[in-house]
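Student: curious how this folds, go ahead:
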Amino acid sequence: MKDYYEKSIRALQLAGMSELTQECYTRAVRLLVDFYKKPPDQISESELEDYFLHRRNTDKWSAATLRIAYSGIKFFFVNVLQRDWHIFAYLKAKREQKLPCILSKEEVFSILHHLTTFHNYVFHSTVYACGLRISEALALQVSDIDGKRMMIHVHRGKGAKDRYVPLPQDTYQLLRRYWVTHRNPVFIFPALGRGGNEGPTAKTHMALDSAQGAFRRAKFAAGITKRRISVHSLCHCYATHLLEAGVNPRIIQRYMGHASLETTMIYFHLTQKGTEDACRIINTTMKGFHYGDNQ
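Tutor: Next up, the predicted model:
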């Protein structure tokens, strides 16, 4: 029971998994161990099957949660315990095809203006203006900002790949103004501490929960009632608003760090660009239905 965690982390690190994946996969194994109250190497294939059925049918885990459990437990049993079981060949949780909820530019700025601290305003403005994922923005360092080329170097972003994204002039000036308030030599968004004065010497970036909580409070204060709106929604808004402004989808794909253009194309479902012309054309094309006029 004592060493399965260390063995899992070692194997995940050797496989090149990100820290977040290491955490999620190891947690999946821990939940299994807690469920049966015995070491994972004593859990049988039939018990594993019963466990997944219980999580699916009794606990009503979502498809996304089940996929993480399947992947994490499969990785551990195959690569650490070397169990080549048949169950791993057919485990599957259908991916839910949900479109992200999108805010208008006016709604985005309304939320930003309801953020009550300067550091939260700069952080969330940067997420939106540069299309960053929350983990990417939190990890930004001073050396990642290229003021001459007006670019941000995103390290180990989507798919553990580096990329460069454009840095708008207004955002650059905002980041400069904010950095002067703490002058941390490493982090753009350092952990400020309870008193708000630990920024200059902070050894870590601001907390994930802090950024998420500030966004939720600002969203409610702004009266935004749309469902499934989070900090990550700003990233979706970035791509959708660029598409509406006429930016080539291939360029958006590069800035977002998508491996496939198909991932970027989802934003066509979220934009209203072209809808008005399409409706006008449809109305013109489909004229002439006058039942009863010639009878």
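Student: care to break the chain down by domain?
Tutor: 4-90, 105-269 (automatic domain parsing).
Student: same list, those, but as a markdown table with mean neighbour count please.
Tutor: No exception for glycine: its C-beta is placed from N, CA and C like everyone else's. As requested, these are exported to a markdown table (neighbours: other C-beta atoms under 10 Å):
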| stretch | mean neighbour count |
| --- | --- |
| domain 4-90 | 15 |
| domain 105-269 | 16 |
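Student: nearest to Thr284 among the ones you listed would be which one?
Tutor: Among the domains of the chain, domain 105-269 comes nearest to Thr284, with 23.0 Å by C-beta to C-beta.
Student: show me what the host helix or strand of Arg67 is packed up against.
Tutor: Element membership for Arg67 (DSSP states H and E) is helix 63-79. If contacts are counted by 3 or more C-beta pairs under 8 Å, 6 or more residues apart in numbering; DSSP states H and E, helix 63-79 sits against helix 4-14, helix 19-36, helix 45-53, helix 87-90.
Student: which other residues reach the longest one?
Tutor: With contact meaning C-beta atoms under 8 Å, 6 or more residues apart in numbering, helix 19-36 is reached by 1, 4-5, 8-9, 12-13, 17, 39-40, 43, 47-48, 51, 54, 68-69, 71-73, 75-76, 135.
Student: got the angle between that helix and helix 4-14?
Tutor: 150 degrees (axes from the mean of the first three to the mean of the last three C-alpha atoms, to 10 degrees).
Student: hang on, the earlier thing: need the domains of the chain in JSON lines (columns: distance to Lys287).
Tutor: Shown next, in JSON lines, are the domains of the chain (distance: least, C-beta to C-beta, whole Å):
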{"stretch": "domain 4-90", "distance to Lys287": "45"}
{"stretch": "domain 105-269", "distance to Lys287": "27"}
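Student: for the helix holding Arg67, what is the average pLDDT?
Tutor: Averaging pLDDT along helix 63-79 gives 91.
Student: strands of the chain, start to end?
Tutor: 145-146, 151-154, 163-166 (DSSP state E).
Student: any chance of these in CSV, with distance to Ser104 and mean pLDDT too?
Tutor: Formatted as CSV, these follow (distance: least, C-beta to C-beta, whole Å; pLDDT from 0 to 100):
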stretch, distance to Ser104, mean pLDDT
strand 145-146, 29, 94
strand 151-154, 25, 92
strand 163-166, 22, 90
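Student: can you list those strands in a markdown table and add distance to His182?
Tutor: Listed next are these as a markdown table, based on distance: least, C-beta to C-beta, whole Å:
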| stretch | distance to His182 |
| --- | --- |
| strand 145-146 | 15 |
| strand 151-154 | 19 |
| strand 163-166 | 23 |
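Student: coming back round to it: closest to His236 out of the helices and strands packed on helix 63-79?
Tutor: Among the helices and strands packed on helix 63-79, helix 19-36 sits nearest to His236 (C-beta to C-beta), with 19.2 Å.
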